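Student: I would like the atomic coordinates for the input below:
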Amino acid sequence: MRIVNRLLGAVFDLLVLPFQSLPSVVGLTVISLLVSVGMLVGFRRTSDQHALDQVKRRIHAGVYEIRLFRDDLRTMFAAQIGIFRATMTYFRLSLVPMLWMMMPIVLVVIHLQFRYGYAPLEPGQSVLVEVELTEDAADRVTAANGAGLSLEVPQGVRVETAAVWIPSLREAGWRIAVDQPGAHELVVRVGDETQTKTVRVSGTAVRRSPHRPSGLLGQVLYPAEAPLPRSSQLEAIHVGYTDAEINLFGWRTNWMIAFFILTMVFAFALAKPLGVKI
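Tutor: Have a look, this model is predicted:
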């Protein structure tokens, strides 16, 4: 899974590279266009286009029948039953291509989340860094009254508070301040073990990772950084990025909403030119 995440991360880094200095909506619009074209091509290849066309014709015929015979209750009822059956057939025919497209779309959304889902840190801003320890490591840190657990920061980052250790949660936290733009690497020490966590300051569509977890599920949900080793005394390292909003033509909203709106608009607009029945 780590190799897949690394390859996909490189692809998406290259994809958003031309838009890093532009408003987020510009890159998101281009990516939505590409995704909609890919969806349409995939839908055409995995669906029975002729059957879908026939079903849609039956649905339209039923609607016209209701309009023509609106004074005949029996005919209207029969037309409604026919529309319902045709609609169920349409859903059945669409199910297979939808399932085929679901996994690629989920991967796209997960990787875009780390480029458009979190607001950039600005120079001078403070943010929380939290770590979660395994049970054994937490017991040792608690027995030593918090000793053996520390955070080291590079130039351009300051640690503003001492570690706050919460034994019941097996968590520790620091507040840091970022002074310079760029990618900074924090170092968390637990005894003799060291693990790193990247913090990005400024930038638009750059990769931001709020959470470096361990385990397979963590790799799937948080692929922006390599997971913590299985042998690590740390279960997760978290940086408190805030959620970002996209300015979609004057309407500020979550990037996923903007992404799905743009993708659907492009899909319906391009379906006929690309010869796709949806």
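
Student: Where do the strands of this structure begin and end?
Tutor: With strands called from DSSP state E, the chain shows them at 126-133, 149-152, 157-159, 164-166, 171-178, 182-190, 193-201, 211-213, 234-239, 246-248, 251-253.

Student: Of all these, which one comes closest to Leu270?
Tutor: Across those, Leu270 has its closest neighbour in strand 246-248 (19.4 Å, CB to CB). The C-beta positions use only the backbone N, C-alpha and C, and glycine is treated the same way.

Student: right, so of the strands of the chain, which gets closest to Leu22?
Tutor: strand 246-248 (12.0 Å).

Student: Reformat the strands of the chain as a markdown table; add mean pLDDT, distance to Arg6 and mean neighbour count.
Tutor: As requested, those are exported to a markdown table (pLDDT from 0 to 100; distance: least, CB to CB, whole Å; neighbours: other CB atoms under 10 Å):
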| stretch | mean pLDDT | distance to Arg6 | mean neighbour count |
| --- | --- | --- | --- |
| strand 126-133 | 96 | 24 | 19 |
| strand 149-152 | 94 | 26 | 18 |
| strand 157-159 | 95 | 26 | 16 |
| strand 164-166 | 93 | 34 | 15 |
| strand 171-178 | 95 | 26 | 19 |
| strand 182-190 | 94 | 17 | 17 |
| strand 193-201 | 94 | 14 | 18 |
| strand 211-213 | 92 | 14 | 20 |
| strand 234-239 | 95 | 19 | 21 |
| strand 246-248 | 89 | 27 | 18 |
| strand 251-253 | 91 | 31 | 11 |
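
Student: Dump those to JSON lines, plus distance to Met98.
Tutor: Below are the strands of the chain laid out as JSON lines (distance: least, CB to CB, whole Å):
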{"stretch": "strand 126-133", "distance to Met98": "37"}
{"stretch": "strand 149-152", "distance to Met98": "46"}
{"stretch": "strand 157-159", "distance to Met98": "45"}
{"stretch": "strand 164-166", "distance to Met98": "44"}
{"stretch": "strand 171-178", "distance to Met98": "40"}
{"stretch": "strand 182-190", "distance to Met98": "38"}
{"stretch": "strand 193-201", "distance to Met98": "35"}
{"stretch": "strand 211-213", "distance to Met98": "30"}
{"stretch": "strand 234-239", "distance to Met98": "34"}
{"stretch": "strand 246-248", "distance to Met98": "25"}
{"stretch": "strand 251-253", "distance to Met98": "25"}
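
Student: Nothing else from me, thank you.
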